[in-house]
Structure formats: structure tokens, C-alpha cells
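Enquirer: here is the input, now give the coordinates:
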Amino acid sequence: MDRRTARPRGAGRLAAAVVTALTAATVVAAPAAAAPPPTSPVPPSALAAAADAPSAEAAAEQTLTWTAGNSISDYLTFPTTATAGPATIVFENSQDTGNTIGMSHTLTFDTTTEGYNHDLDLDILASPFDANGGLYEVEVDLQPGTYRYFCAIPGHGAMAGELVVTEDGGGGGDDTTAPAVSAEVTGDQDDDGAYVDGATVTLAATDDGSGVAGVEYDLDGAGWQGYDEPFVVDAVGTHTVEFRATDEAGNTSEPQSIDFTVVEGDGGDDDVTAPTVTAEVAGEQDDDGAYVGSATLSLAATDDEAGSGVASIEYDAHGHWMPYTTPVEFTEPGEQTVSYRATDEAGNVSEVGTTSFTVVEGDGGGDDTTAPTVATELSGEQDDDGAYVGSASAVLTATDAGSGVETVEYDLDGAGWTEYTEAVVVDEPGEHELVARATDAAGNVSPESVTTFTVVAGDGGGDTVAPVVEPEVSGEQDADGAYLGSAAVALTASDDGSGVETVEYDLDGAGWTGYTEALVLDEPGEHTVSYRATDAAGNVSEVGSVTVTVVAAEPGDTEAPTVEHALYGARNDAGEYVGSASITLDATDDDSGVASVEYQLDGGTWYRYASRLTVPTPGEHTLSYRATDVAGNVSAPGTVTFTVASDVPEDTVAPEVTASVSGERDARGSFVGRATVTLAASDEGSGVDRTEFQVDGGTWQRYAAPFVVGSDGDHVVRYRATDGAGNASRTGGVVFTVVARDGDRCVGSDVRPTVVIDGNDSTVANVDTGDGCTLNDVIAEDDDYRTHRAFLRHVKQVTRDLVQDKVLKPVERRRIIMAAELSSIGR
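Expert: Sure, this is the predicted structure:
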């Protein structure tokens, strides 16, 4: 393949960086004057100087455009056919194409998989925030055949497709035959053939000539619209779907139609009664009732005969809810407390039940006298002195070869022992000491592990300038400058670096005290106020001081100041303030002068008033206020009562939820190897509270991220969403087929959403490792291991390789290893 040129869209042509070390030239689009992006699949050392690459002699006759956005499962737009010969490839992954989170994507052409053209070794990396704004062009020369393209970033493997190149672009100049199109309706049917609660319509088209360009349908005369995937019709009544297809040569089939009827199910909507759920624990017990070796928990739920039926059962044994499908075995020695609940098809959730039991070692585990080991690993950006810039993250890892780790604790800077559950982030500038210890199930406590480290301010530790403190003294003065009755001393500190952390004062040598509000000095005599400030980087200002003389006030100022209030804001017909109410306070004193104004909202704490107040919380409120003059006279509290009304109307509209299925497809439209299902829910009112899905009639599960369906065959995924006001959407559905991939190393993969080892959820996404196997597949928890240590060696080795291959991050590897350490595999 000839060396290609790459240029930013809408600018002069810039040369593409070329990998000189490869046998075939690799085109990597990048700005000519910029260094390669840090996440580029090609190391900078392998890039030739961009300026040496020749520019294209002539512009291509055809332009092929790919776009990408926030999704990691598919390109937003992409071509499917092209004409052999010169072409301009445009790849845009920018804010204009909907990428709002800075997600990087590549457009990479496959050069190894059999059955595809391998002459185009193209690899473009684009990000909305790169030097080019995520928009690139490359001039190429396409050969007849099929090219496979994909996104090379780990975890983005579902972004893939094919480009078919023909001598005439697939136009089929002699093609005068329209494509064939068919429809299939599926769903639960009653004895009359009507579909209960909804029907799924699937359309399929074929064309032996130029190929199918598009399929359209018209539901109940609403107008023609493009068909992309099976759709669900759940409105009760008789429906007619017309459908047609058009090929690349412009031939359109005659419209066909199919009729069907949807009826309502028998009982879900009126069900307001939650199901009941019971728990049973089984296993061998000792004389104390403890379960020897293991205990098995079984859950059962029932719903009234007239109800909607049980949809799901869940349990919580380790601080998060898990779907219950089969009895759960507990082997970890110690006391166990398990919560459980059930949900019916109408969304009613049972009361949470709990059961507690104890598991003891079955084969002499009580002989464990060896304490566990605990280690601390620090991470974060460090300066030249080894200090952590901005913050440091501490990850604690404990292991125990005997009865197993029960708890891990830490003590940060002597604050006391705290149970460790996640990485400890320390962002307070200064030197720190982190002490860690672990306890196993037999009660053995490890020696304390002590780690010291330093955190400096987030600007790189360069803040060495102390803050500045300015005093201000106010009050009525006599001819000698002495303050009559009292003086108010206010301190103001500023810092252009890491920011002011604290301000302190020392009145007449009484000791340093934190400053929060102006000091009122009313004791006659001479007073000295010393002051200083400390910034977030630990810099302390020079000590400043101000001397004030207070003399007794002249007789006569015994009157308190007066305070007035004013309310502002839009009001409704009832006189309520819509959205929020604003209040200003104004105090006057004709004698010694006003020293301070304070306010109290709804009987809370008194605060010093400085500027206009805004109250946004809906409901009735009472604001009290008072003022103090320099002579110490305090006004009687005044009050004002007002009501704030919400400007958000009551939410009675259910959320909207949609589903999309992505992945590599064969000629029949089936997904090869696996399919990724992505759900999206939106609600303009109270917001989406939860989204749920059900695969092939199984248990309803909460949706958190795109999930993979990997088993061969036809599949139905149903989905629904509920908003914060309790409005539930109608149940939708999507139908698709998965077929085995030729050469898939792990047919029938373990496609649970996260990596789970012996019931311990690591919370790490169970992604494809790149060869058809998921992370759960390569961890292989069901294989035979001679010892638990052998299993841990296996897990550490495979996860180390996956980190090197950039499939896993180091922190994800640590979570998986921790889940493996908590397991009973090989014990």
C-alpha cells in the first residue's frame, strides 16, 4: 500500500505519521505539528516525521465518513459500500458528533482476520480534546473486496463493521429486481391468537443484486419510517403493519402488510400487594447450632393468586443487592447476616427480611493461629521530592492462608480505627501516617503496618507564599481616636496560591483562637489584637497586630438599633414566592452606630448578616433578625413569615426507555459470538429512579451498564423504567439472534455483568478479552485447583497479562485479586 496523507478536516493537508518499523505502512491520522496523542496505539518512537510524508496528488472522487460519540458499542454513522479506487476517509469523534465526555475512539482497519482485504493498514485515533478537535481525513486507494474495521481501544470491541468495495460501488447498474421482504410477529398469545400485553414485529429483507439499502414500515397508517431493529407494539387493539424494502439500485418492493391483535393481560395493573418471601438455611450443624464447613441459603417468594406474580428475588450479604436465582452457599467462617426481598410484576416490593447464622471451619479451622498479612499501596502524582501532589490514594490488601481475612482497618493520623471498604484518598496538605491492620476469621490480628507520606497542594506544591491578613477597626471615636463604648475588629485574609485555610487571633495574649466573625471589644482600656493566617499549602503569614483603645461610652446611648426587612421574588396568586424568596436586612442607629446584624431561619442558628439572603426550599419559613450597636444595645428580634412554592409541576408522566443491540452481524443480521444490549431512559420530570431488564423470561435485574448476551439462539430482552415520582413506563422488548463465531475460543461465555468469583463480586466489568473470552472465562473459577494458593497464582498471572494488554487497569486487577482471596476455591 502506498504511503497516505492525513489532514485535519477543513484545513490544509497535513502529512500522516507513518510507522516505518512495520512491513506495511500504517496510516495514523494526527496533526502535523503535534506530538502523537498519549493513548495512541502506535508508540511515538515508531512514528516517522510527518513533514516527510508526501501530499496526495489529486483529491479522491468519493468521501466515506465515520462518526463516533459517547457510545462504546457502535459508530454513530458509517458507510457500508464503496467504489474501488481513490477515496477520502473522514473520521470525526468530536463534541459536534455528540461526544460530551471526552471519550477517545479509533477507526482501525483489520489486517489479520482471514476473509478480508488487508491492503489498508489504517489506524486513526481521535478525541474531542485533541489538537485537531477529533476530526481527521485520510486519502486511500480502495481495492475490490470486503474490509473489516473496528475500534482498537480496550472495551470498545463492539464498535465494528464491514465495508464492501465493488468495481461499480455496488450500484448494480443492471439491477431492476426489487428486494424481497418478510415480517414475523412474536409474543405470548391467548387461545384466540391475540398477543397478550404486546407483540414484537421483526422485518427481514434480501436482495441478490445490488443489495438491500433500507427497510421501512408503517404502523396503523402513521406514516413510513425506517426500520433498524425489531419493535414492540403494546397498545391494546387491532394493528396493521405495512412494510417494504429498497435496494442500492433504487428498486422498491411492493408494500405488504400483516395484521394482528393485542389484548391486555389478566391482572397486573390492579396489583398493589407486595409478594411475601421466606428464607431457609440448611447444612450440618454443631452442638451450638453453627453450620460446619458451609451453610446454604434458600429463598422462596409467593404472590397472591390474583396478583401479577413474582418478578424477582434479591439478597444482600456483603453490602449490595444481588439477584437470587439458585440457593447460595456460604463457606466463609464467621457470623453472616443476609437481607432479602422480592418484587412482583406490578413493581410492588416486599418488606426486607433478614436471617443470621454462623459458619465454622469443618476440618480443624480452629487451629489457625497465624495472623493475616496486610500491605499498603500508595498511588498518585508525585513531585521531585516524592510528595503526592493534590492527593494520595491508599489501597490496603490483606491475605490469610488459614481461616481467611475477616476485616481490614486503618487509622489515619491518629483519628481512630476505621473499617476499610475502599481506597483511602488523602487530600489534606501535610505529612500523614496511615496505620493498617487485618483480622482473620479465627481472631488473629496482624502486626500494624505503618506508612508515612506527604501531600502538597494541588498546584504542584509550588505555593510557598504565605497569605495576607488585613485588619479593619470600626466604631464611634472621640477626639483622641479612642473608641466610645466598644470597637469591632474584622480580619480579612487572602491567598493567590492554594487558598486560605484558617485565620487566627490572639486578644491581649490570651492565646490563639480561630477567627469566625468580627471581634467586639467593649472592655475599657487598651487592647492588642494579634493575627495570622495559614493557607492550604501550610504557609503561615507573619504575625500582625493592631492596638485599640476603648473608653466608656458617653451616657445616653441606651437605645437599641432598628432593623427593617424587605422581601423579593415572583409570587403566585396565593401570594407564595415561586422557586425562591430573597430577603434584605437594613439596620440603623443614631448614636453609637450599628456593630452587627444577625438572622435566624426557621429557629436554627443565628448567623451574621452580610448580604441578600435567598431561600429556595419549598414550604413555610420564618426569618428572625436583630441588630447590635457599638454600645452593646441589642434590638428586639423582628420576624417575617413567608412561603416558597416549588416551580416544578407535579410529575405524572412515565419515563421513556429505549433499547439498542450492537455487535458484529452476519449476512442474515444475526449477531456473531455475542450481542451487547444498551438501555437508555429519560424523564423530564422527577428523573429516572431505576431501569430494569429481563433476558429470555428470567429474573428482572437493575440496569447499570450495557450487558452482553453470549449464548447461541434467539433472545428476547424486555425492559422498563421508573421515575422518582413512581411513574412506571410500559414494558418494551427487543428480539435478536446470536450465532457462534468461527474460531471463538470461548463459545457459551460466562457473560455476567461483572467479574464474580465464588460469589464475591469484584464490581469490575466482565469485558471481552479480545479473543471471544470474557474475564470470567479466563479466571475459570470452576476449574480444579490443588490449593487456594494455586488458584490465586493463576488469577494473579492472567490479570497481570490483561493489565499489560490494557484490557484491565491496575486498580481493577487489585479488585479481582481481592475477590479471589475472599473465595473458597481450592481450600
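Enquirer: now do the strands in the stretch 201-350 of the chain.
Expert: If you assign secondary structure with DSSP state E, counting those that start in this stretch, the strands in the stretch 201-350 of the chain sit at 212-219, 225-226, 231-233, 237-247, 256-263, 276-282, 291-292, 295-302, 310-316, 321-323, 328-330, 334-344.
Enquirer: again, but for the stretch 1-150 of the chain
Expert: Going by DSSP E, counting those that start in this stretch, the stretch 1-150 of the chain shows strands at 6-8, 17-18, 27-28, 63-67, 81-83, 85-92, 105-109, 123-126, 135-142, 145-150.
Enquirer: worst mean pLDDT among the strands of the stretch 201-350 of the chain?
Expert: Looking over these, mean pLDDT reaches its minimum on strand 321-323, with a mean of 78.
Enquirer: list the contacts of that one.
Expert: 312-316, 341, 699, 701-702, 761 (Cβ atoms under 8 Å, 6 or more residues apart in numbering). Any C-beta I mention is one placed from the backbone N, CA and C, and that applies to glycine too.
Enquirer: go again with 6 Å.
Expert: 314-315, 699, 701 (Cβ atoms under 6 Å, 6 or more residues apart in numbering).
Enquirer: same check, this time on stretch 496-511
Expert: 457, 463, 465, 467, 491, 493, 512, 514-515, 527-537.
Enquirer: and for stretch 616-625?
Expert: So stretch 616-625 is contacted by 563, 580, 583, 585, 599-602, 615, 637-644, 646 (Cβ under 6 Å, 6+ apart).
Enquirer: list buried residues within the residues you listed.
Expert: Neighbour-count burial (16 or more other Cβ atoms under 10 Å) applied to the contacts of stretch 616-625 gives 563, 580, 583, 585, 599-601, 615, 638, 642, 644.
Enquirer: show me which of those residues is closest to residue 659.
Expert: Within the buried ones among the contacts of stretch 616-625, proximity to residue 659 (Cβ to Cβ) peaks at residue 580, which comes in at 39.2 Å.
Enquirer: in stretch 256-272, what's buried?
Expert: 258, 260, 262, 268, 271.
Enquirer: end-to-end on it?
Expert: Counting by Cα to Cα, to the nearest Å, you get 43 Å between the two ends of stretch 256-272.
Enquirer: just the ones of the buried ones among the contacts of stretch 616-625 in strands?
Expert: Applying DSSP state E to the buried ones among the contacts of stretch 616-625, the entries found in strands are 563, 583, 585, 599-601, 615, 638, 642, 644.
Enquirer: out of those, which comes closest to residue 472?
Expert: Using Cβ to Cβ, these come closest to residue 472 at residue 585, 20.6 Å.
Enquirer: report pLDDT for the closest one.
Expert: pLDDT, residue 585: 93.
Enquirer: so it touches residue 608, yeah?
Expert: No - with contact defined as Cβ atoms under 6 Å, residue 585 does not count as touching residue 608 (10.9 Å).
Enquirer: returning to that earlier point: what's the closest of the buried ones among the contacts of stretch 616-625 to residue 133?
Expert: Looking across the buried ones among the contacts of stretch 616-625 and measuring by Cβ to Cβ, the closest to residue 133 is residue 580, at 39.2 Å.
Enquirer: can you pull out the low-pLDDT segments for the stretch 401-550 of the chain?
Expert: Counting by pLDDT under 70, the stretch 401-550 of the chain shows low-confidence ranges at 458-462.
Enquirer: what do you get for the chain?
Expert: For the chain, applying pLDDT under 70 flags the ranges 1-61, 168-174, 266-270, 362-367, 458-462, 554-556, 648, 742-745, 747.
Enquirer: hang on, the earlier thing: if you rank the contacts of strand 321-323 by neighbours, which is first?
Expert: residue 314 (24 neighbours; other Cβ atoms under 10 Å).
Enquirer: excluding its backbone neighbours, what's nearest that one?
Expert: Nearest-residue entry for residue 314: residue 321, 4.6 Å, with adjacent residues in sequence omitted and distances by Cβ to Cβ, 6 or more residues apart in numbering.
Enquirer: state the pair within the buried residues of stretch 256-272 that is farthest apart.
Expert: For those, and using Cβ to Cβ, no pair is farther apart than 258 and 271, which are 32.6 Å apart.
Enquirer: now for the contacts of strand 321-323, which pair is the farthest apart?
Expert: Every pair of these checked by Cβ to Cβ; the farthest is 315 and 701, at 13.3 Å.
Enquirer: domain assignment for this structure?
Expert: Taking automatic domain parsing as the reference, the chain has its domains at 6-166, 180-263, 276-363, 368-456, 468-551, 562-645, 743-827.
Enquirer: quick one: those as a markdown table, columns for distance to residue 670 too.
Expert: A markdown table is the format used below for the domains of the chain (distance: least, Cβ to Cβ, whole Å):
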| stretch | distance to residue 670 |
| --- | --- |
| domain 6-166 | 14 |
| domain 180-263 | 11 |
| domain 276-363 | 27 |
| domain 368-456 | 41 |
| domain 468-551 | 59 |
| domain 562-645 | 53 |
| domain 743-827 | 14 |
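Enquirer: residue 717: which of these is closest?
Expert: domain 180-263 (10.3 Å).
Enquirer: endpoint to endpoint, that closest one covers what distance?
Expert: Using Cα to Cα, the distance between the terminal residues of domain 180-263 is 31 Å.
Enquirer: got it, and stretch 130-146?
Expert: 31 Å.
Enquirer: where does residue 790 land in three-state SS?
Expert: Assigned by DSSP: H, G, I helix; E, B strand; the rest coil, the conformation of residue 790 is helix.
Enquirer: in space, what's closest to it - neighbours in sequence excluded?
Expert: residue 826 (5.8 Å).
Enquirer: quick check: that neighbour touching residue 788?
Expert: Yes - using Cβ under 6 Å, residue 826 makes contact with residue 788 at a distance of 3.9 Å.
Enquirer: picking up where we left off before, switch the strands of the stretch 201-350 of the chain over to TSV; also include distance to residue 749.
Expert: TSV is the format used below for these (distance: least, Cβ to Cβ, whole Å):
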stretch	distance to residue 749
strand 212-219	31
strand 225-226	32
strand 231-233	27
strand 237-247	34
strand 256-263	35
strand 276-282	31
strand 291-292	34
strand 295-302	27
strand 310-316	24
strand 321-323	19
strand 328-330	23
strand 334-344	28
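Enquirer: out of these, the one nearest residue 82 is which?
Expert: strand 212-219 (14.0 Å).
Enquirer: parallel or antiparallel, which strands does the closest one pair with?
Expert: strand 225-226 (antiparallel), strand 237-247 (antiparallel) (DSSP bridges).
Enquirer: will you turn those strands into a markdown table that also has distance to residue 175 and mean neighbour count?
Expert: What follows is the strands paired with strand 212-219, written out as a markdown table (distance: least, Cβ to Cβ, whole Å; neighbours: other Cβ atoms under 10 Å):
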| stretch | distance to residue 175 | mean neighbour count |
| --- | --- | --- |
| strand 225-226 | 21 | 10 |
| strand 237-247 | 6 | 18 |
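Enquirer: in a markdown table: these, plus distance to residue 410.
Expert: A markdown table is the format used below for these (distance: least, Cβ to Cβ, whole Å):
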| stretch | distance to residue 410 |
| --- | --- |
| strand 225-226 | 57 |
| strand 237-247 | 62 |
